[in-house]
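Enquirer: Turn this into a model:
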Amino acid sequence: MRLERDTLGEVEVPDDVYYGPQTARAVDNFRVSGERLPVEFIKAQAAIKMASAKANMELGKLDHEIGEPIIEAAFEIRDGKLLEQFVVDAFQSGAGTSQNMNANEVIANRALEIVGYERGRYDIIHPNDHVNMSQSSNDTTHTAVHIATVESIRSSLLPVVDGFLGVLTERKNEFMPIVKPGRTHLQDAVPLTLGQEFGGYVRMVELDRKRLMEAIDGLLELNMGGTAIGTGLNTPSGFSKIAIREMRTTTGVDFRLAADPFEATQGAGAILACSAALRGLAVSLIKIANDLRLLSSGPRAGMGELNLPAVQPGSSIMPGKVNPVMAEMLNMACFQVIGNDTAITMAAQAGQLELNVFTPLLAHNILRSVRILSGAISSFNRKCLSGLSVNTERCAELAVSSLALATSLAPVIGYERAAEVAYRAHREGRNIKDVVIEMGILDDEELEDLLDPMELTGVDI
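Expert: Residues are numbered from 1 along each chain as shown. Have a look, this model is predicted:
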């Protein structure tokens, strides 16, 4: 162990770690979940420290002999090193103070090592005075949530959403000639094609993607230089503009300064909007997964229109049973995303006066939602959607036998007479066409187009 000191006194710190006394206190204080804030958040913290050090050096506030090793140490974290040194529980001090100090201490001690000093020599490079210069936990933690969420969505979620859309579109085009019965209220409805049904899924996800992109735009505003409450206390003139410029260089993302640093410190509206967009995508995915489960139900005692790929045995007691496990997985993942959104909503509304202190919870849940959706969509796309097939004969059989075909008769014979035909066909277990002919209402030639399911879909094949 090595003995270090913070403003509360002396603290023993394990000799082989890069963090310092405030992190050690936090580890002892917050023995909660064993979960830590995601890697994406830690890398975003490192980007903030890099950009801030560069701005402070350019403005003559930070000596290059100190700033350069700070930048090097932060770059290593950004590059994926030292991540095991970030040890504070996700459920921690408000405003992420412990998380920010974890970053400050790790970077300070690694910077000391880079220039040849032992860890803990804070008289040379100090976690607060140098690494945290021109910053506060109150602005940097909000900013890190924005950066991490944007980077995560762009790098992991959007590619799998686009892949999902690509396969859905292929299925839409492939299935356009396959006629089947529609269903409303889970009862027979007028015919459509399977391609039209999948086209609805395509548009749903396209709109969800659009709303997600709009939400990302709100996250591009960063609170760099607002410090404790938005006034920018303890920052040199011009810091924010230089820091945001350096942030764009470091991340390659066109971030911009928050229009109002007071709003950016008090509120969490952009995070809330992004979570709402993720929730919306999850709701659409649940609908699609549920539909595929229904359409593939059976294989003999259900609808049986689709065949989902068999990826594993479905029962420990019923031999030969295969379950729609990938759709079930997607449902569960999306349920969790909706739960995460509820937690985010509670945290966003709980801010008081000049600060929303619940940023660690915001970070934990929104990044968790991005990660869960990315993995779930990718697995579902690969193991289910890409390999599903159609029972075309079953679809055609159900389309012809649907009682809702009587709908097309209503303009010719009237609503009440068409209803009488449908009721009789149902009572006697017969199809609409045979009943109409037997009742002498219309002949076979007149019914040919009226009761052709494909004609009723409006699809020109």
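Enquirer: buried set for stretch 74-82?
Expert: Ala74, Phe75, Glu76, Ile77, Arg78, Leu82 (16 or more other C-beta atoms under 10 Å). Where you see a C-beta, it was placed from the backbone N, CA and C, and this is true even at glycine.
Enquirer: Out of the residues you listed, which sit inside helices?
Expert: Ala74, Phe75, Glu76, Ile77, Arg78 (DSSP state H).
Enquirer: just checking, Asp188 is part of a strand?
Expert: Yes: Asp188 forms part of a strand when assessed by DSSP: H, G, I helix; E, B strand; the rest coil.
Enquirer: Do a quick rundown of the strands in this structure.
Expert: Along the chain, the segments classed as strands by DSSP state E run 2-6, 9-13, 179-184, 187-193, 221-222, 256-257, 306-307, 389-390.
Enquirer: How many residues are close by Leu3?
Expert: Neighbour count for Leu3, taken as other C-beta atoms under 10 Å: 11.
Enquirer: again with the one 5 residues further on
Expert: Other residues near Leu8 number 9, with proximity taken as other C-beta under 10 Å.
Enquirer: can you pull the contacts of it?
Expert: Going by C-beta atoms under 8 Å, 6 or more residues apart in numbering, Leu8 touches Arg25.
Enquirer: Local confidence estimate at it?
Expert: On pLDDT, Leu8 comes in at 96.
Enquirer: and what of Glu448?
Expert: pLDDT, Glu448: 88.
Enquirer: What of Asp139?
Expert: So Asp139 comes in at 98 (pLDDT).
Enquirer: Please report the distance of the closest residue to Phe86 other than its chain neighbours from Asn138.
Expert: Counting by C-beta to C-beta, 6 or more residues apart in numbering, the nearest residue to Phe86 once its immediate chain neighbours are dropped is Ile42, at 5.0 Å. Going from Ile42 to Asn138 by C-beta to C-beta, to the nearest Å gives 18 Å.
Enquirer: Then Ala301?
Expert: Taken as C-beta to C-beta, the span from Ala301 to Asn138 is 60 Å.
Enquirer: wouldn't Glu328 be in contact with Arg293 here?
Expert: Yes: the pair formed by Glu328 and Arg293 meets the contact definition of C-beta atoms under 8 Å, at 7.5 Å.
Enquirer: tell me what the helix or strand of the chain with the lowest mean pLDDT is packed against?
Expert: Ranked by mean pLDDT, DSSP states H and E, the helix or strand of the chain with the weakest confidence is helix 444-450, at a mean of 88. Packing contacts for helix 444-450, counted by 3 or more C-beta pairs under 8 Å, 6 or more residues apart in numbering; DSSP states H and E, involve helix 432-438.
Enquirer: in the helix it packs on, what's buried?
Expert: Buried residues in helix 432-438 (16+ other C-beta under 10 Å): Ile432, Lys433, Val435, Val436.
Enquirer: Excluding chain neighbours, what is closest to the most centrally placed residue in the chain?
Expert: What sits nearest the mean C-alpha location of the chain, by C-alpha atoms, centre = their mean, is Val370, with 3.1 Å. Spatially, and ignoring its direct neighbours in sequence, Val370 is nearest to Ser152 (4.5 Å; C-beta to C-beta, 6+ apart).
Enquirer: May I see the ones in helices among the buried residues of stretch 74-82 organised as JSON lines, with distance to Ile413 and pLDDT added?
Expert: Formatted as JSON lines, these follow (distance: C-beta to C-beta, whole Å; pLDDT from 0 to 100):
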{"residue": "Ala74", "distance to Ile413": "78", "pLDDT": "98"}
{"residue": "Phe75", "distance to Ile413": "78", "pLDDT": "98"}
{"residue": "Glu76", "distance to Ile413": "79", "pLDDT": "98"}
{"residue": "Ile77", "distance to Ile413": "76", "pLDDT": "98"}
{"residue": "Arg78", "distance to Ile413": "73", "pLDDT": "98"}
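Enquirer: between these, which is nearest Ala47?
Expert: Of all these, Ala47 sits closest to Arg78, with 6.0 Å by C-beta to C-beta.
Enquirer: Relative to Leu294, how far out is the closest one?
Expert: Arg78 is 46 Å from Leu294, by C-beta to C-beta.
Enquirer: out of the strands of the chain, deepest packed?
Expert: Neighbour counts (mean count of other C-beta atoms under 10 Å) averaged over each of those peak at strand 221-222, with a mean of 26.
Enquirer: Partner strands of it, with direction?
Expert: Within its sheet, strand 221-222 is paired with strand 256-257 (parallel), according to DSSP bridges.
Enquirer: any residues touching the strand it pairs with, and which ones?
Expert: Strand 256-257 is touched from outside by Leu220, Glu221, Leu222, Met224, Gly225, Ser240, Lys241, Ile244, with contacts defined as C-beta under 8 Å, 6+ apart.
Enquirer: For those, which single residue is the most surrounded?
Expert: Greatest neighbour count in those, by other C-beta under 10 Å, goes to Met224: 33 neighbours.
Enquirer: Spatially nearest residue to that one (excluding sequence neighbours)?
Expert: Among residues not flanking Met224 along the chain, Ala243 sits closest, at 4.5 Å (C-beta to C-beta, 6+ apart).
Enquirer: go on, Asn102?
Expert: Closest residue to Asn102 apart from its sequence neighbours, by C-beta to C-beta, 6+ apart: Thr23 at 4.5 Å.
Enquirer: okay but the one you found is in contact with Ala108, surely?
Expert: No: if you go by C-beta under 8 Å, Thr23 and Ala108 don't touch, sitting 11.1 Å apart.
Enquirer: who's more crowded, those two?
Expert: Ala108 (32 against 27).
Enquirer: separation between the more buried one and Leu157?
Expert: From Ala108 across to Leu157, the span is 34 Å (C-beta to C-beta).
Enquirer: Quickly list the domain ranges of the protein.
Expert: Segmentation of the chain into domains, based on automatic domain parsing, reads 2-133, 148-230+251-391, 402-457.
Enquirer: who wins for proximity to Pro236 among those?
Expert: domain 2-133 (4.6 Å).
Enquirer: Just the terminal-to-terminal distance for that closest one.
Expert: By C-alpha to C-alpha, to the nearest Å, the extent of domain 2-133 from end to end equals 25 Å.
Enquirer: Out of the strands of the chain, flag the one nearest Leu403.
Expert: Minimum separation from Leu403 across the strands of the chain (C-beta to C-beta) falls at strand 187-193, 5.0 Å.
Enquirer: helices or strands next to the closest one in the packing?
Expert: Looks like strand 187-193 contacts strand 179-184, helix 453-457 (3+ C-beta pairs under 8 Å, 6+ apart).
Enquirer: Contacts for it next, please.
Expert: Here strand 187-193 makes contact (C-beta under 8 Å, 6+ apart) with 175-183, 399, 402-405, 407-408, 453-454, 456-457, 459.
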